[in-house]
Structures are given as C-alpha cells and as structure tokens.
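> Please work out how this folds:
(chains A and B)
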Number of protein chains: 2
Amino acid sequence: MNRRSVEKVEITRLTGKKRVKLEDKVIRETPLTIFIGSQEVGTLLCTPCKVDYLAVGFLFTQGILQNAETIKDIYFHPERNFIQIQLDGSQEKLRSAIPSKNLFLSSCGACSSYLPEYWQNLGKINSPFTMKKDTLFEAMKDFEEKSNLFKITGGNHSSGLFDREKIEVFAEDIGRHNAVDKVIGECILKKIKTKDKALFLSGRVSWEILVKAFRALIPVVISPSAPTNLGIHLADTLNVTLVGFLRKERMNIYTHPWRIV
Amino acid sequence: MNRRSVEKVEITRLTGKKRVKLEDKVIRETPLTIFIGSQEVGTLLCTPCKVDYLAVGFLFTQGILQNAETIKDIYFHPERNFIQIQLDGSQEKLRSAIPSKNLFLSSCGACSSYLPEYWQNLGKINSPFTMKKDTLFEAMKDFEEKSNLFKITGGNHSSGLFDREKIEVFAEDIGRHNAVDKVIGECILKKIKTKDKALFLSGRVSWEILVKAFRALIPVVISPSAPTNLGIHLADTLNVTLVGFLRKERMNIYTHPWRIV
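You can find the predicted model right below:
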C-alpha cells in the first residue's frame, strides 16, 4: 500500500446508542493533469499511486499513445499534481494525436463522442484463448484478496490482469477506469504481454471498459459486478468474452461463452 | 420502472456444474447529448429515464443554468439520443454561460479544472437543519426499498431527496452523478424545495457530489458507501454534513456532526 493513497481523518461513529470520535482512513482523490510535452491533455481525478502507469495507460487506451517505444521520459510532480510525458517526435505530430473534441472515454458521462461511430471502426479480437471456469473462481478469490486499499477504506475499485495462473498485474483507484488504465499502463511500461489474458475489475462493465480491454487486445473481461447493455453489445461486436456477477460458484457469461470451458 | 431503462439479453449462467442459457435483464447505458438551443453542451452516458430532469439537473449543477424560470421548452428526441433545452435570452448570452474549458464535474476524471480554485469560491451553507439518527436509519431502508432498477439489474446507482419524513424525490442511473442530477433536476422543474433536506445516494461520495449538493443548497449528504478525502474536505469547507457507511444501526459522520442528533 502506498501511503499517498490513504488519508487519516477524524470521524464521529454512531453505533446503536454510542457516539464516539475516532480516527479513520479514507481513500485519496487527487486531480492529476497529464501533459504530453507542453501540451495539456486533460485532468483525471484519481488515487495518487502508480500515476505513471495511469498516465501511460490512459493515453494508450484513448488512442493517443501507440506504444512505449516513443516515450522518452516521464516526469511526475506530486506537489503540483501533474505528470509530463516526453515523447519522441515533433510537438506538431503530438498535437494532432490529441483529439480536439474531448473523447475521454472515462466513467464521466461527459464526452462529446458518438459511440456507435467510434466502435464500428475498432475491429475484432481474434484470439482462441480459453479459461477453465474453476480457474476463474480461484482467480477472483486472489483478486479480492489483493484489494488492500479497499479493505482499509471501502472506497475504491481494483483491476488486475490474469495470465491463467495468477493475477500478474494489479492496481487500485477511486475510479474503475483509472484502475484498468493503471494495469494496462504497467503492462506497457514493463513490456508485459496483455494478449491472451483476462482483465478483472471490481466495478460495473460499461462500454468504455470494453474499449480499454480491446485496445490492449485482452479477450476476456471479468467482474463480480453487472455489465451495461452497451458493454454487452460492444463485447459481442469486438469478439470479447464478458463475464459478470462472478461470485462464489456462480457467474453470468454475456458474450462469447465458448472461451469459458 | 421505465422499460427504456432495462434491456433483455440472453446469457449463459454457470452455477456449480450446471451451464444453462437464459434470459436476463441488464441496465441500459445510452449517450445523451445536451443542447442549449443550437449549442452543444456535451454528451452524458446515462440510463435513459427522466432525461429531462437529468439535463436540467446537469446544467444547473454545472452552473450553466441558474433556475427553471428561463426554460422555455424541453425537447427530447429518443431515437437520436439528444435533448434540446430552449432558454429565454439571446444565443450570445447562452454561449457565454457554457464553459469553454469543459468543467464537467462528473465521475469522469477527465475535466480540465483545477479543483481548489473552484471550490474556494463556492461559499458555505448556513442551515440550522438537523436530523435524528433513527430517522436516518429508517430513511435508508426506504431508499433501498425504492431501488427497483437495482433489484432487477444490480447495475446502477440511485439517489433521493429526503424531507425529514420520506424520500420525496428518487432517481436511478448507471452513473452516481446522473442519479443526483436527476433528483435535483426534478426538484427544479417541479419547484420542490431542496433547502433543509438531505441528499441520499447509493455510491461513493466524491467531491463533485458535494458540489452538486451545494448548488442545490442541500445541507446533509448521506451514503451507505465510502467518501473520498476530497469529498470530506469539501463538505467541511461548504458546511455540509457528510454521512458515510450508513448501514444497519451504524454510520460514520465525517463533517459537521452536530446536524445528526
């Protein structure tokens, strides 16, 4: 656990007839402004751990960054809440990579994109990857076991990449999308393959999550929570297997069930 | 329940060793583009019920709309997912009301705002409103009872306005922020007072939720979930009582506990 992720606060707890003052720990929420060179891309509200992975994952899943090869340097200024990524290539080229209309596919509900147009051009994942159902149940146990920040604060989401044997990469954040971006960003920077693996996340599977998984070529998305109808339609189109409500001995497979054997 | 909020899908359910195909219901997620006159304000991803309340609540909590008096007409086009609000006043005047930098205080993590600057100018809620703790426990039961979409889909948030006796206004949506905006928008359009009442929401209390409550002059915010540290700091500054983890016989009061007696 990164200490920057949690803050101690004084609270009043009412239990039955008792009213006591005590110290409690809450999850941190911090604005993080991402720059590519001198160009501001946007500000995320996030939990300030693994911010380099977050920034790289965010830029990658937004389609702004294509791979790690072009990254020359990452500079994080924790006091001023900004992270600057220096890329190879001219400033002119970078400018054109940043959408003028904010196509931020985050949990926001505040993007100016027309979704169907966007995903019709994404393509499909052609992976023969399959997983045993019992492996999924085991993996979910591991996944929940790793959620340290959640155990402390009860206020965040988590995401993980599962390689058929273990949760290989894991991240937590106040935002569902950020947790996924941290996982993908770590994979990019550490050159961990994401193809033919499964993405776990703790929260709702909306369509932006599918876009992120697709960008990283991940063929299976798994959650203990519910999907949305758009998430399901997009998973279907992209050839991604979407599993929801994975809980003790039970799961719902919404799309491409042949990958769960 | 609005039928537009739920979609039937075919799923594969694994339970123990059984594998069956069946029909299930999932929550709808739809883009909704908001226009003021001919000017596009932005697109929300939302559950398409009470969209007029959502649009009005969103514009109000963003500070774009000041009150219902200026609304001449609301036109919703369900097939094309857009809602158009006609206001009194010249187009020129409206243009200036829409921030050029997208200050969308949604769950996004994709706004270009610098938070501290923003909230330092908000002011304070000077309300002597208090609530009895037992009332809160009862209200939370009512609140959860009303969550029909959640009972069906398990995939959405809810929000309600509590007037010391009952949940007076209630809404559900895939997004926490949208659910709150729907409640506030309904109050604006129906001229229901929000002052000296309590805002319930099912999800995490982050700082944008506090901004929304403050805009509607609501002095108490209550959730069964966790708050973030920024949510707590903002509640403290705005003089709002923030209650989290309200569950059976238990709650945490993070700020201004004198309002819970």
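
> how about residue A:57, what does it touch?
A:180, A:181, A:182, A:183, A:184, A:185, A:186, A:188 (CB atoms under 8 Å, 6 or more residues apart in numbering or on different chains). Bear in mind the C-beta positions are built from the backbone N, C-alpha and C, glycine included.

> Could you pull out the strands in chain A for me?
Taking DSSP state E as the criterion, chain A carries its strands at A:6-15, A:18-27, A:30-36, A:39-46, A:71-77, A:82-87, A:157-162, A:167-173, A:198-201, A:220-222, A:241-247, A:250-255.

> Tabulate these in a markdown table, adding columns for distance to chain B.
Below are the strands of chain A laid out as a markdown table (distance: least, CB to the nearest CB, whole Å):
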| stretch | distance to chain B |
| --- | --- |
| strand A:6-15 | 4 |
| strand A:18-27 | 5 |
| strand A:30-36 | 5 |
| strand A:39-46 | 4 |
| strand A:71-77 | 14 |
| strand A:82-87 | 10 |
| strand A:157-162 | 9 |
| strand A:167-173 | 9 |
| strand A:198-201 | 14 |
| strand A:220-222 | 12 |
| strand A:241-247 | 7 |
| strand A:250-255 | 4 |
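
> Same list, those strands, but as CSV with mean pLDDT please.
Putting the strands of chain A into CSV (pLDDT from 0 to 100) gives the following:
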stretch, mean pLDDT
strand A:6-15, 95
strand A:18-27, 95
strand A:30-36, 92
strand A:39-46, 90
strand A:71-77, 94
strand A:82-87, 93
strand A:157-162, 97
strand A:167-173, 97
strand A:198-201, 98
strand A:220-222, 98
strand A:241-247, 97
strand A:250-255, 97
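
> For those strands, could you give me TSV that also reports mean neighbour count and distance to residue B:24?
Putting those into TSV (neighbours: other CB atoms under 10 Å in any protein chain shown; distance: least, CB to CB, whole Å) gives the following:
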stretch	mean neighbour count	distance to residue B:24
strand A:6-15	17	37
strand A:18-27	14	32
strand A:30-36	20	37
strand A:39-46	23	32
strand A:71-77	13	43
strand A:82-87	20	41
strand A:157-162	26	23
strand A:167-173	24	27
strand A:198-201	26	20
strand A:220-222	26	17
strand A:241-247	23	9
strand A:250-255	23	7
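
> Quick one, which of those gets closest to residue A:148.
Closest to residue A:148 of the strands of chain A is strand A:167-173 (CB to CB; 7.4 Å).

> what angle sits between that closest one and strand A:39-46?
Between strand A:167-173 and strand A:39-46, the angle comes out at 90 degrees (axes from the mean of the first three to the mean of the last three CA atoms, to 10 degrees).

> For strand A:167-173, name the packing helices and strands.
helix A:133-145, helix A:148-153, strand A:157-162, helix A:176-189 (3 or more CB pairs under 8 Å, 6 or more residues apart in numbering or on different chains; DSSP states H and E).

> List the neighbouring strands of it plus their orientation.
strand A:157-162 (antiparallel) (DSSP bridges).

> okay, the partner strand in CSV with CA atoms only?
What follows is strand A:157-162, C-alpha atoms only, in CSV (Å, rounded to 0.1, in the frame of the first residue of the first chain):
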residue,chain,number,x,y,z
HIS,A,157,-12.1,-0.1,-7.3
SER,A,158,-9.5,-2.5,-8.4
SER,A,159,-8.4,-4.2,-11.6
GLY,A,160,-6.0,-7.0,-12.4
LEU,A,161,-4.5,-8.9,-15.4
PHE,A,162,-4.8,-12.7,-15.0
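
> one step back: quick one: closest of the strands of chain A to residue A:129.
strand A:220-222 (6.7 Å).

> and that closest one, what other elements does it pack with?
Using 3+ CB pairs under 8 Å, 6+ apart, strand A:220-222 sits against helix A:133-145, strand A:198-201, helix A:207-215, strand A:241-247.

> Cheers, nothing more for now.
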